[in-house]
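> Next input, structure requested:
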Amino acid sequence: MSTAVMVGVALAACACGPEKSGDEAREKTEKSSQPSASARAEEPSAEPSASAPAEKPPTGDRSAPRTKEGAIQRYEQYLRAVGREDIDTVCEVAGPAAKQAEDQGFGPCTSTFLVTFRMISPTQKKALQTATVDPQRVTMVTPDKFEMPADSVKSSVTFSDSEIGSSTLEYLKDNWYITD
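The predicted structure follows:
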């Protein structure tokens with residue numbers, strides 16, 4: 001789903017439904033993601049174990065190639081993050097478009113996309129986790145801007161334009177971001 005469509009749908013649900021306000025949802029998310037005092041006391045030492053996965057740096061900390069392939073890789077990262085309900089990656093990649101929506105009076109990305117995640121079926125989420133983008137269907141708007149139409153998304157589920165729309169990725173601050 002394009003960020004604009006996803007955010008718009010999520011925002012409409014936030015405005016009409018029994019959802020919490022952005023601040024309340026954010027507080028609830030922050031509280032639920034923090035371990036309890038007893039859990040913190042049981043945490044292992046700072047030494048990483050051999051089986052513990054290494055923490056990945058935020059994707060925005062690395063610059064991306066300023067190419068069509070770089071834009072496609074970044075969009076695939078976004079699609080897979082949506083499928084995994086990885087709110088941090090989704091809001092990082094979709095940051096500029098989400099900020100536009102927030103400036104128009106909608107809630108922050110972290111609360112609007114939580115609603116969006118609930119609107120995507122488990123089958124669609126699973127399909128997004130391995131989705132790829134067909135480079136032949138991606139359109140260059142300018143050398144720093146590419147349009148990813150719904151029919152460019154290749155997965156085990158066919159997504160219609162009304163389901164995921166299209167997304168525009170723009171090269172800003174050494175990486176690709178969804179701007180529309």
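
> When you work out contacts or count neighbours from here on, use the C-alpha atoms and nothing else.
Will do.

> Of all the residues in the helix or strand where residue 117 lies, which ones are buried?
In the assignment (DSSP states H and E), residue 117 maps to helix 109-119. Neighbour counts using 16 or more other CA atoms under 10 Å place 109-117 of helix 109-119 among the buried residues.

> for stretch 139-157, same thing?
145-155.

> ok, now stretch 165-178?
Here stretch 165-178 shows 165-171, 175-178 as buried, counting by 16+ other CA under 10 Å.

> for stretch 79-89, same thing?
Quick answer for stretch 79-89 (16+ other CA under 10 Å): 79-87, 89.

> After the lengthiest helix in the chain, which helix or strand is next? Please name it.
Determined from DSSP state H, the single longest helix within the chain is helix 68-84. Using DSSP H and E, the next helix or strand after helix 68-84 towards the C-terminus is helix 87-93.

> Quick one: the strands in this protein, in order.
132-133, 139-142, 145-148, 153-154, 167-172, 175-178 (DSSP state E).

> Which among the ones you listed is found nearest to residue 93?
strand 175-178 (5.0 Å; CA to CA).

> Give the pairing partners of the closest one; include direction for each.
Here strand 175-178 is paired, per DSSP bridges, with strand 167-172 (antiparallel).

> right, and residue 72 touches residue 136 too?
No. Using CA atoms under 8 Å, residue 72 is not in contact with residue 136; the gap is 11.0 Å.

> which one of these two has more residues nearby?
Ranked by neighbour count (other CA atoms under 10 Å), residue 72 and residue 136 place residue 72 first, with 22 against 7.

> ok, the closest residue to the more buried one other than its chain neighbours - how many residues close by?
Excluding its sequence neighbours, the residue lying closest to residue 72 (CA to CA, 6 or more residues apart in numbering) is residue 133, at 6.5 Å. Neighbours of residue 133 under the rule other CA under 10 Å: 21.

> Over to residue 134?
Residue 134 has 14 neighbours, counted by other CA under 10 Å.

> Next, find the distance separating it from residue 94.
20 Å (CA to CA, to the nearest Å).

> again with residue 163
17 Å.

> just residue 115 next, same as before
Relative to residue 94, residue 115 is positioned 15 Å away (CA to CA).

> for residue 94, what are its contacts?
3, 78, 177-179 (CA atoms under 8 Å, 6 or more residues apart in numbering).

> quick one: it from residue 136, how far?
To residue 136, residue 94 is 23 Å away according to CA to CA.

> So for the residue lying closest to residue 117 once chain neighbours are set aside, what pLDDT did the model give?
Once flanking residues are discounted, residue 117 sits nearest to residue 85: 6.4 Å by CA to CA, 6+ apart. Here the pLDDT value assigned to residue 85 is 97.
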